[in-house]
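Peer 1: Got a predicted structure plus its sequence, pasted below:
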Amino acid sequence: MSAIGTRRRGAQSRTDLPMNAEINVTALVDVAFTLLVIFMITAPIMQGGIEVNLPEVAAPPIETPSDPLIITIAEDGTVFVGETEIPRAALRESLSALVDGGDRVVIRADSGSRTGLLVEVIGAVGAAGGRPAIATEPPPS
């Protein structure tokens, strides 16, 4: 038996082993890409608001505060203040409690909703002291 074959691996001291100061970047990149994909998928879902089909109109943009009060009228006639459904009978009382005088209130009405309901909401906003603005989509170019 030779002297080389009798030496065991565990017999080496720690000073004989070279230092390995490399970072395994592959696992870090895998985690980063996984999180990126998760955020890309969930970002559109996380957007708040009620889905409505806004009418397409060529109109200039209006100045609104950074966080305006948004009223949404769905196609079936349901009225939402923010994301809370409000019965039409309690609309005036709710708006008078929420709207300060002169506040801009953005109304998002579905293009299939009744015009009479839109006029009713505009009147309730005006009676509460707010300045109504109707949201539209720009026409396709």
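Peer 2: Noted; the coordinates are in hand.
Peer 1: What separation do you get for residue 58 and residue 118?
Peer 2: Using Cβ to Cβ, to the nearest Å, residue 58 is found at 19 Å from residue 118. In short, each C-beta sits where N, CA and C put it, glycine included.
Peer 1: One more: residue 133?
Peer 2: 12 Å.
Peer 1: Between the two, which contacts overlap?
Peer 2: By Cβ atoms under 8 Å, 6 or more residues apart in numbering, residue 133 and residue 118 have these common neighbours: residue 107.
Peer 1: and residue 108, that's in a strand?
Peer 2: Yes. According to DSSP: H, G, I helix; E, B strand; the rest coil, the state of residue 108 is that of a strand.
Peer 1: Residue 54 is in contact with that one, correct?
Peer 2: Yes. Judged on Cβ atoms under 8 Å, residue 108 makes contact with residue 54 at a distance of 6.4 Å.
Peer 1: joint contacts of these two?
Peer 2: Shared contacts of residue 108 and residue 54, counting by Cβ under 8 Å, 6+ apart, come down to residue 135.
Peer 1: Those two: which has the busier surroundings?
Peer 2: Taking other Cβ atoms under 10 Å, residue 108 and residue 54 do not tie; residue 108 has more neighbours (19 against 14).
Peer 1: Tell me the pLDDT of the more buried one.
Peer 2: For residue 108, the pLDDT comes out at 91.
Peer 1: so where is this protein shaky, pLDDT-wise?
Peer 2: Residues of the chain meeting the criterion pLDDT under 70: 1-15, 47-49.
Peer 1: so which strand or helix has residue 85?
Peer 2: Element membership for residue 85, per DSSP states H and E: strand 84-86.
Peer 1: outside of the next helix-or-strand element following that strand, which residues touch it?
Peer 2: Later in the chain than strand 84-86, the nearest helix or strand by DSSP H and E is helix 91-98. With contacts defined as Cβ under 8 Å, 6+ apart, helix 91-98 is touched by 69, 71, 79, 81, 86, 105, 120-121, 124-125, 127-130.
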